[in-house]
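> Dropping a prediction and its sequence here:
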Amino acid sequence: PISVEALEEMQVVIAPYDLRQTNFVGGGVNAVTKSGTNTFKGSAYTYQYTENFRGNKVAGEDLGERTKDRKHVYGATIGGPIIKDKLFFFANFEYDMDETPGSIYEARPNENTAWGKGTTYNRPTVAQMEEIKKFLMDKFGYDPGRYQGYSLSTPDWKLVARLDWNINKNHSANVRFSTTKNKYSSNPSSSVNPLNPNPYNRNNYGRTSQYAIYFESSRYFQEQNFTSFAAEWNSRYLDGRLTNTLRGTYSHQYEPRSFVGDNFPTVDILQELEDGTKAVLTSFGPDPFTYGNLRDVSTVVITDEISYTTGKHNIIAGLQFEHNNTKNGFMQGGLGYYVYNSWEDFKNAANGGDVTPLAFAITHSNRDDLKQVFPSFKYIQYSAYVQDEISFSNRFKLSAGLRFELPTYPNIEGNNNKKFEEMYKDKGGY
């Protein structure tokens, strides 16, 4: 979530034995942001990429006009002294504008056009797609979006700011703030959950297969928003043989999904192949897993660590408090999900005809108002550790230590059904 232009150094650790390195599996990356100095320094930079860097011919065959595929990055850094030798600042801002292709396939100009393998065309025709779009707009006032030849803009930006304070020769402090706003566009899922049994073979004949072209409304944007604040106080005693670091961090991860267009059910329109196999012709409405999809995590970590060096020993001891508040949103088919055997069936049903969908799902919570529930819980962990790094020589160092962690869950909100518990309280409980 931080621009590489704001980093002073990076460290990759793989299965370390250092007890201070925790909360990851297999490996981790530690990054140190740049700091200001007694010299004012600044920089500006840009990175550019467009579809013109990509070829559009294969074996001499022209593949036609390139779909927009662009990346424009603009950034700047600045740092320097506020009070010489005492107080310094550093800041970095980066803006990134991406334009990525939507569907890379096209609808056929007419029924006689070849499609599938070796072509850029899928089964639906332009006439079919235009008819569907016009009907949805006229009947429901719903625009399902584009279906071919389009690109999507996904802007993001990053900001990092840092202050360093040399209080005196034995004490220093720093504070850092960073925030990132980012999102990327993704194809719709091929899954047909929560429908069971599956109304069609999603792997070979689904909404992302060669038999179908989905509308833009079926895509989704995965947002990635991250904000953090950190403060650190460093102290030296006994001519530097004894040090203490007090550090506090707060971070907030907020990752909802969004989509193009208004709320509308997920709809798959089928059209049988010549052999009778059911295959999707087109899809419109948000991806079945997009509406209400959310990851929302706030974390506070406070660490106090002391280090003492004597002879060949470097003894490290610390206490750590971690508090997480997590909220999750997931309600598949939250706007409703319908599968129709044909476009004619859908039109007849929309016009009040006696036609039923091949399959449908209407998902809601068990609340009285049927609104979505966002399960949430709090997690607290208390940690204590001590470690001794023994340097026997320049070529041999031994680390030995012990870390104790106590996880607790102070409350798990909304994870119990009170009416259900009431029913079974006289039967041994639940």
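Yep, that arrived.

> Do me a favour and get the end-to-end distance for stretch 3-20?
End-to-end distance for stretch 3-20, by CA to CA, to the nearest Å: 25 Å.

> buried residues in that stretch?
Buried residues in stretch 3-20, counted by 16 or more other CB atoms under 10 Å: 3, 5-6, 19. Yep, even glycine has a C-beta here, placed from its N, CA and C like the rest.

> Need those residues in JSON lines (columns: distance to Thr363 and pLDDT).
Below are the buried residues of stretch 3-20 laid out as JSON lines (distance: CB to CB, whole Å; pLDDT from 0 to 100):
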{"residue": "Ser3", "distance to Thr363": "40", "pLDDT": "86"}
{"residue": "Glu5", "distance to Thr363": "45", "pLDDT": "86"}
{"residue": "Ala6", "distance to Thr363": "43", "pLDDT": "87"}
{"residue": "Leu19", "distance to Thr363": "46", "pLDDT": "79"}
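
> could I get those residues as JSON lines with secondary structure?
Output for those, formatted as JSON lines (DSSP: H, G, I helix; E, B strand; the rest coil):
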{"residue": "Ser3", "secondary structure": "coil"}
{"residue": "Glu5", "secondary structure": "helix"}
{"residue": "Ala6", "secondary structure": "helix"}
{"residue": "Leu19", "secondary structure": "coil"}
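
> Closest one to Lys133 out of those, please.
Set against Lys133, the nearest of the buried residues of stretch 3-20 by CB to CB is Ser3 (40.2 Å).

> For burial, what's the neighbour tally of the residue nearest to Glu111 when sequence neighbours are not counted?
What sits nearest to Glu111 in space, not counting adjacent residues and going by CB to CB, 6 or more residues apart in numbering, is Thr125, at 6.1 Å. Using other CB atoms under 10 Å, Thr125 is surrounded by 20 other residues.

> Repeat that for the one 10 residues further on.
Here the number of neighbours of Phe135 (other CB under 10 Å) works out to 16.

> Looks like it contacts Lys347 (just checking).
Yes - the pair Phe135 and Lys347 qualifies as a contact (CB atoms under 8 Å) at a distance of 6.5 Å.

> picking that back up, quick one: the residue nearest to Glu111 and Asn112 touch, right?
No - the criterion here is CB under 8 Å, and Thr125 misses it with Asn112 at 9.8 Å.

> can you list residues touching both of those two?
Both Thr125 and Asn112 lack any common contact, where contact means CB atoms under 8 Å, 6 or more residues apart in numbering.

> Quick check: Ser134 is in a helix.
Slight slip there: residue 134 is Lys, not Ser. Yes - under three-state DSSP, Lys134 sits within a helix.

> where does Pro199 land in three-state SS?
With three-state DSSP as the criterion, Pro199 reads coil.

> Count the neighbours of it for me.
For Pro199, using other CB under 10 Å, the count is 19.

> Do I have it right that it meets Val339?
Yes - counting by CB under 8 Å, Pro199 sits close enough to Val339 to count as a contact (4.7 Å).

> any common contacting residues for those two?
192, 268, 270, 358-359.

> Find the nearest non-adjacent residue to Tyr45, please.
Gly75 (5.3 Å).

> Isn't the one you found up against Ser3?
Yes - using CB under 8 Å, Gly75 is in contact with Ser3, at 6.1 Å.
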